[in-house]
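Trainee: I'll drop the sequence and a predicted model, then ask my questions.
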Amino acid sequence: MGLPARRQEDTEARVAHLVVPDGAAWATEVRKQAVSRYLAMGLPERRDEYWRFTRPDDLNAPQAPPAAVVDFKEAPAFGEVDRLKVVFRDGVFDAEASDDLSCEGLEVERLQSATAHDIHWSKDVYGVLEARGQVPVARPFAALNTAFATDGIVIRATERVSKPVNLIYLHENPDSDAILHFAIKVESGADLTVLENGPAAARFNKCMEVDVADGGAFHHVRAQGRDHERRAVTHMFARLGQESAFKSFTLTVNGVLTRNEAFIELVGDNAVSHIAGAAVGDGDFHHDDTVFVVHDAVGCESRQVFKKVLRNGAVGAFQGKILVKEGAQKTDGYQISQSLLLDEDAQFLAKPELEIYADDVACSHGSTSGAIDEDALFYLQSRGLPRPEAQDLLVLAFLAEAIEEIESEDIAEDIYGRLEGWLQRRRQ
Amino acid sequence: MLKIDNLHVRLEEEDKAILRGVDLHVPAGSVHAIMGPNGSGKSTLAYVLSGRDGYEVTQGEVALEGQDLLDLEPEERAAAGLFLAFQYPVEIPGVGNMTFLRTALNAQRKACGEDEASAADFLKLIRDRANSLHIDPDMLKRPVNVGFSGGEKKRNEILQMAVLEPKMCVLDETDSGLDVDAMRLVADGVNALRDDGRAFLVITHYQRLLNHIQPDVVHIMADGRIVKTGGPDLALEVETNGYADILQEVA
């Protein structure tokens, strides 16, 4: 069954100016298949159930809507962290600005180079996890990414990597439309931390595939912000082996449109997946967390903790699903999505879902939306805190449950610092 | 210290007069108690003094050391030296008790043009005050009042008072929900803070707290007014005869 004519036209027009990059035969095949997937799925429409809360128009447009380049006064995230910097300017790798990436237990290679080899480990990851994540719900922007991404890196960790790899996205061209792809393999017993920050581009399509082998651990902390007008659609695909761990946290403090999708498969017994997010939006801000967790093994644990603070017309959306497949006994699934609405113009839309085909599982989900606690506010004021400060303290307290999902205390401190800075600037 | 003149207050939402002409003068160095039956307006007076929303002052004046309180925000009243120990201390999940105390202390210092307390000085101050109130260090690490027992919450109020060192302390039914031992601890904490430069207004329904915190003056409040004022003996009279007799007597 084909797409309706207009949708097909739009879908083709969206990629008409894009070129499938050259590469080894296997990579070309992966990209060709991704093109077919993309064309078959078509661009999303508002009528699609999965896009009910978020207008895809700006993501569908053939040209990226422009975004002003902002000269930031505050220091970028993770500046205090001892890390390996990998810098991209408007979606193009900048070797000079990046660190020397040699580090024990770590292999990093540019995507073009990795996909030019006839034999390369990334063949088991690149486009593979993305394709797995297209069922049961279509994620066309991820397929588009696999097909047309011209840059990105592949990372392989073979042991505990002492320093985090920090992907830094600089935005210098107001019309840039960046597509970056990352394929990551954490081998058995290895441990890798990936940090991401920076505005990236006027429009940013990012896809990250993470394959965590048995006993491996992957930590991910992302600071989305510093960019008021940018649009972003990002995907995280993860496959978790036995007794492996995956922990991801995202802070979003700016951006007119952000859609962060995650598709996490727990395929080995006793794997653990924690995914969390804190988003603060003021004014023209639309933030959408769409998470799909699949339990396909015994004794796995998954957590989803998403918090949003919204005001002045900002909109937050959450679609979170836990799918427990047949036989995935002793599953422990938890999901919470909460919003704090600081005024009556802010809006929070949530769709929590559980789908369970095993009988010995514990799954819970909750979603709340509320105003700031006036009693708490008065209590703090009565102790001498000016109302704006008292409110900020309560906002940070509300977000704390999500931030506490970050394992590294230093990085959590960095995130708190960014939030405090943002709140303070909004107060002036 | 605290001077209340002909204070009339009504509830904003219900258009109902709660205080109908309260006159009260609490000099520095003294402890005044306000007793009264339920619904007499005692707690309303405490909230109005601290600046809570929802009450409208229709007439009258309140001054703290000559400064008009009624135009000030709650935090400005705190900075001016007013402290309310809540009847129902509020739980604040996610805010550590320590962070709360430090933020409050520093906010007040800043409002008074003083330097913030250094981390070391602050820790020393807290340890010292917490110790004398038998407050477990663990209670300082927990979120403000979350999961605290009734006694712990009230001791936490007194700890805040001891740290912030206000000039005018208003205690709203601090004895409610306390057993005898907890009440003694709280009373000891209050008594330790009594000095010539500080005044207390102790609001209570029962006389028993006043066995531990000896008042200089006792007021009886009924129907939004102070109807009788006397010495400590007046509290005993309430305990023995109840409020009905006194109210009949002044009617």
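Mentor: Ah, there it is. Numbers count the residues shown, from 1 in each chain, chains lettered A, B, ... in the order given.

Trainee: Can you tell me the element whatever residue of the stretch 1-150 of chain A ends up closest to chain B falls in?
Mentor: Distances between the stretch 1-150 of chain A and chain B by C-beta to the nearest C-beta are smallest at residue A:80, namely 19.1 Å. (Glycine included, C-beta is placed from N, CA and C.) If you go by DSSP states H and E, residue A:80 is not part of any helix or strand.

Trainee: From what I see, it and residue A:410 are in contact.
Mentor: Yes. Using C-beta atoms under 8 Å, residue A:80 is in contact with residue A:410, at 7.1 Å.

Trainee: Strands along chain B, start to end?
Mentor: Along chain B, counting by DSSP state E, strands occupy B:2-11, B:16-26, B:31-35, B:55-64, B:67-68, B:82-85, B:92-96, B:143-144, B:168-172, B:199-204, B:217-222, B:225-230.

Trainee: right, I mislabeled it, should have said the stretch 201-350 of chain A
Mentor: Ranges of strands in the stretch 201-350 of chain A, per DSSP state E, counting those that start in this stretch, are A:203-212, A:217-224, A:231-240, A:245-252, A:257-266, A:272-282, A:286-295, A:301-311, A:315-324, A:332-341, A:347-356.

Trainee: got the ones you listed as TSV, with distance to chain B and mean neighbour count columns?
Mentor: Listed next are the strands of the stretch 201-350 of chain A as TSV, based on distance: least, C-beta to the nearest C-beta, whole Å; neighbours: other C-beta atoms under 10 Å in any protein chain shown:
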stretch	distance to chain B	mean neighbour count
strand A:203-212	30	27
strand A:217-224	20	24
strand A:231-240	27	26
strand A:245-252	16	24
strand A:257-266	23	25
strand A:272-282	12	25
strand A:286-295	20	25
strand A:301-311	10	24
strand A:315-324	19	24
strand A:332-341	11	22
strand A:347-356	19	16
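
Trainee: I'd like to know which of the strands of chain B lies nearest to chain A.
Mentor: For chain A, the closest of these is strand B:92-96, at 2.8 Å, according to C-beta to the nearest C-beta.

Trainee: Packing partners of the closest one?
Mentor: When contacts are defined as 3 or more C-beta pairs under 8 Å, 6 or more residues apart in numbering or on different chains; DSSP states H and E, strand B:92-96 packs onto helix A:374-382, helix A:387-403, strand B:143-144.

Trainee: Quick check: neighbours of the shortest one in the sheet, parallel or antiparallel?
Mentor: Translated: strand B:143-144. Strand B:143-144 sits in its sheet next to strand B:92-96 (antiparallel), going by DSSP bridges.

Trainee: which one is the residue of the stretch 1-150 of chain A closest to chain B nearest to, not counting chain neighbours?
Mentor: residue A:414 (6.5 Å; C-beta to C-beta, 6 or more residues apart in numbering or on different chains).

Trainee: now residue A:363
Mentor: residue A:333 (3.9 Å).

Trainee: Verify the stated contact: that neighbour with residue A:293.
Mentor: Yes. Because the distance of 7.1 Å satisfies C-beta under 8 Å, residue A:333 is recorded as touching residue A:293.

Trainee: Tell me the pLDDT of residue 83.
Mentor: As the question left the chain open, I've gone with chain A. Note for residue A:83: predicted pLDDT of 96.

Trainee: My question was about chain B, not that one.
Mentor: 97.

Trainee: what ranges of chain B fall below the confidence cut-off?
Mentor: Chain B contains residues with pLDDT under 70 at B:251.

Trainee: Enumerate the residues of it near chain A.
Mentor: B:50-53, B:73-75, B:77-79, B:83-84, B:86, B:89-95, B:99-100, B:103-105, B:107-108, B:111, B:143, B:160, B:164 (C-beta under 8 Å from any C-beta of the partner chain).

Trainee: And residue A:253, how far from residue B:150?
Mentor: 40 Å (C-beta to C-beta, to the nearest Å).

Trainee: Was I right to think residue B:224 contacts residue B:19?
Mentor: Yes. Between residue B:224 and residue B:19 there is a contact at 4.5 Å, judged by C-beta under 8 Å.

Trainee: what about those two, which has more around it?
Mentor: residue B:19 (26 against 23; other C-beta atoms under 10 Å in any protein chain shown).

Trainee: May I have the distance across stretch A:44-62, first residue to last?
Mentor: End-to-end distance of stretch A:44-62 (C-alpha to C-alpha, to the nearest Å): 14 Å.

Trainee: How far off centre is it?
Mentor: Per C-alpha atoms, centre = their mean, to the nearest Å, the displacement of stretch A:44-62 from the mean C-alpha position of its chain is 18 Å.

Trainee: In contact with residue B:59, which residues are there?
Mentor: Residues counted as contacts of residue B:59 (C-beta atoms under 8 Å, 6 or more residues apart in numbering or on different chains) are B:6, B:7, B:8, B:21.

Trainee: Can you give me the separation between the closest residue to the last one other than its chain neighbours and residue B:220?
Mentor: The spatial neighbour of residue B:21 that comes closest, neighbours along the chain excluded (C-beta to C-beta, 6+ apart), is residue B:6 at 5.2 Å. Distance, residue B:6 to residue B:220, using C-beta to C-beta: 18 Å.

Trainee: Now do the contacts for residue A:375.
Mentor: Residue A:375 sits next to residue B:90 when contact means C-beta under 8 Å, 6+ apart.

Trainee: quick one: pLDDT of it?
Mentor: For residue A:375, the predicted pLDDT is 95.

Trainee: Residue A:351 versus that one, what's the distance?
Mentor: From residue A:375 to residue A:351 the distance is 30 Å (C-beta to C-beta).

Trainee: Check residue B:158 too.
Mentor: Taking C-beta to C-beta, one finds residue B:158 at 47 Å from residue A:351.

Trainee: do the same with residue B:228
Mentor: For residue B:228, the distance to residue A:351 - C-beta to C-beta - is 62 Å.

Trainee: of all of the stretch 151-251 of chain B, which residue lies closest to chain A?
Mentor: residue B:160 (6.3 Å).

Trainee: Would you mind listing the buried residues in stretch A:26-37?
Mentor: Neighbour-count burial for stretch A:26-37, counted by 16 or more other C-beta atoms under 10 Å in any protein chain shown, picks out A:26, A:27, A:30, A:31, A:34, A:35, A:37.

Trainee: Report the two of these separated the most.
Mentor: A:26 and A:37 (16.5 Å; C-beta to C-beta).

Trainee: returning to that earlier point: shared neighbours, residue B:224 and residue B:19?
Mentor: B:9, B:41.
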